[in-house]
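Colleague: model this:
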Amino acid sequence: MYGTKLRKYLRKKAYERISCELAKFKERMLKQSPEKIFDSSYEIDSYVCIYEQLVEKIESFTDAQLRKFLQLPNVLGLFYDEWLSIEDSRNDELSNAVDMVVAKELNTNTAVGLLIHG
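Modeller: Numbering: from 1, shown residues only. Here you go, the predicted model:
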């Protein structure tokens with residue numbers, strides 16, 4: 001029973017930790033100019049996505065992982081920095097999706113008619 005209570009406590013602390021970090025990040029961003037916020041849109045989206053992923057994954061962390069997690073400095077920033085260092089295929093996937101929509105929507109008479117007359 002002690003293990004279950006400890007795990008619940010550690011999870012609660014982990015959730016609180018990342019929630020607090022996200023709130024501070026949001027507060028810091030909202031103090032920026034609209035242009036700076038716009039320029040930071042990828043970072044903002046990434047922080048929110050990392051937060052959401054961690055909320056789901058914390059549930060499966062072991063006690064040892066939770067303890068280590070709680071010792072990490074600036075958790076969301078750490079994960080964001082790691083994310084930036086990993087080559088991803090997001091742009092390739094987006095490019096492929098655009099190509100598919102172009103092939104589907106712009107290679108028909110209806111689409112062309114809408115573009116010319118719309």
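Colleague: rest of the way, CA atoms for contacts and neighbours
Modeller: OK.
Colleague: any idea how far the closest residue to residue 69 other than its chain neighbours is from residue 33?
Modeller: Closest residue in space to residue 69, ignoring its immediate chain neighbours: residue 14 at 7.4 Å, by Cα to Cα, 6 or more residues apart in numbering. Distance check for residue 14 against residue 33: by Cα to Cα, to the nearest Å, it reads 31 Å.
Colleague: Pick out whichever of those two has more residues nearby.
Modeller: residue 14 (22 against 10; other Cα atoms under 10 Å).
Colleague: ok, which stretches of the chain are helices?
Modeller: Applying DSSP state H to the chain gives helices spanning 2-30, 34-39, 41-58, 63-71, 75-85, 90-105, 109-117.
Colleague: Just send these back as a markdown table, with mean pLDDT too.
Modeller: Shown next, in a markdown table, are the helices of the chain (pLDDT from 0 to 100):
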| stretch | mean pLDDT |
| --- | --- |
| helix 2-30 | 94 |
| helix 34-39 | 96 |
| helix 41-58 | 96 |
| helix 63-71 | 95 |
| helix 75-85 | 93 |
| helix 90-105 | 83 |
| helix 109-117 | 50 |
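Colleague: Report pLDDT for residue 1.
Modeller: pLDDT recorded at residue 1 is 45.
Colleague: Contacts only, for the residue nearest to residue 70 when sequence neighbours are not counted.
Modeller: Distances taken as Cα to Cα, 6+ apart put residue 14 closest to residue 70, at 6.2 Å, once the chain neighbours are dropped. For residue 14, the contact set (Cα atoms under 8 Å, 6 or more residues apart in numbering) comprises 58, 66, 69-70.
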